[in-house]
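Chemist: Sequence plus the predicted model coming up.
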Amino acid sequence: MTHRQGITAMLLVTLLWSIAGVVTRHLDSAASFEVTFWRSAFNALTLGVLLAVLRGPRVVWATLRSGGRTLWLSGLCWSVMFTAFMVALTLTTVANVLVTMALGPLFTALLSRFVLKHRLALRTWTAIVLAGAGIAWMYGNELLHSDSRALLGIGVALAVPLFAATNWTVLQYSRRRGAEQPGGGDMLPAVLIGALLSAAATLPLAAPFQATGSDLAWLALLGAMQLAVPCLLCVAVSRVLHAPEMSLLGLLEVLFGVLWAWLGAGETPSSSVLAGGTVVLGALALDAALGLRQSSTSKPGSAQPQTGTRMRA
């Protein structure tokens, strides 16, 4: 996968991730931990099939047994991201959850800077600041007028960018280790670990089960297309994009989520949302364009620059 293909794949990832909010608003009876359990269970089922096809059952099992702390740490991060995101959606608005997740690029940039020693380019720091300002502009009023339940939801949602930043950094570390050790660094099974841990943790809290047939169909869609497929793509993308770049592109989930809510749930965005979205898109477009230009001018076979190129739920 080239750098340009990695950016395209990450855009698809954020588009698929962004449907969670609008889909949950169409559920009939399922709520809170039951929603999380079914989504994670369908995610694990889909991942099991996909990984068996991509890697073979024996290879997947061998990787789970020998993956070591890095693989299981990434799996733990995925499980927290899967669980916290859906629980937060049941406590507060889609907008509040997404704006909290928009802190991801800052957390990721700082963590990769101090843990992996990545020297972030000025263009990436500028894009992070501009995108953060755009997000704050979009949802400032919602955050200022939140009740106690909504604030709890925001607190739960805060776990998503924190563990996402940790996860992207772990994936970058694994990529570096895999480059040094032939056959190493396969992190795809970590997504399966995360799904299984999330389903196991929320199963005791999901009773009594109240999901209708329609709810199960929607949750199966989320498990397969909103989690399994994009998360596997995300792991693959981590081999060509640095953690801060992936997290920055991940901000598009906020804009896509607003668009889905507008089209699918009748939530018309305000003028501040449109204005802030323009700032975010501009920052992302500028950083991506400069990154592509830098990548295209690099010498073949040279190492990727340790600059501002970088990285749910």
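Modeler: It's in.
Chemist: Name the residues of stretch 220-238 that are buried.
Modeler: Of the residues in stretch 220-238, 220, 222-238 count as buried by neighbour count, 16 or more other CB atoms under 10 Å. Placement of C-beta: from N, CA and C, glycine included.
Chemist: likewise stretch 134-141?
Modeler: Neighbour-count burial for stretch 134-141, counted by 16+ other CB under 10 Å, picks out 134-135, 137-139.
Chemist: Output it as PDB - backbone C-alpha positions only.
Modeler: What follows is stretch 134-141, C-alpha atoms only, in PDB (Å, rounded to 0.1, in the frame of the first residue of the first chain):
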ATOM      1  CA  GLY A 134     -12.900  23.900  14.100                       C
ATOM      2  CA  ILE A 135     -14.300  21.100  16.300                       C
ATOM      3  CA  ALA A 136     -14.600  23.500  19.300                       C
ATOM      4  CA  TRP A 137     -16.400  26.000  17.100                       C
ATOM      5  CA  MET A 138     -18.800  23.300  15.900                       C
ATOM      6  CA  TYR A 139     -19.900  22.000  19.200                       C
ATOM      7  CA  GLY A 140     -19.100  24.600  21.800                       C
ATOM      8  CA  ASN A 141     -22.700  25.300  22.700                       C
END
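Chemist: what residue ranges in the stretch 1-150 of the chain are flagged as low confidence?
Modeler: 139, 141-146 (pLDDT under 70).
Chemist: Where do the helices of it begin and end?
Modeler: Counting by DSSP state H, counting those that start in this stretch, one finds helices in the stretch 1-150 of the chain at the ranges 3-17, 20-24, 32-54, 57-66, 68-91, 94-101, 104-115, 122-144, 148-157.
Chemist: out of those, nearest to residue 166?
Modeler: Residue 166 sits nearest to helix 68-91 of all these, at 5.3 Å, using CB to CB.
Chemist: List the buried residues in that closest one.
Modeler: 70-91.
Chemist: Run the chain-centre distance for that helix.
Modeler: Relative to its chain's centre, helix 68-91 lies at 10 Å (CA atoms, centre = their mean, to the nearest Å).
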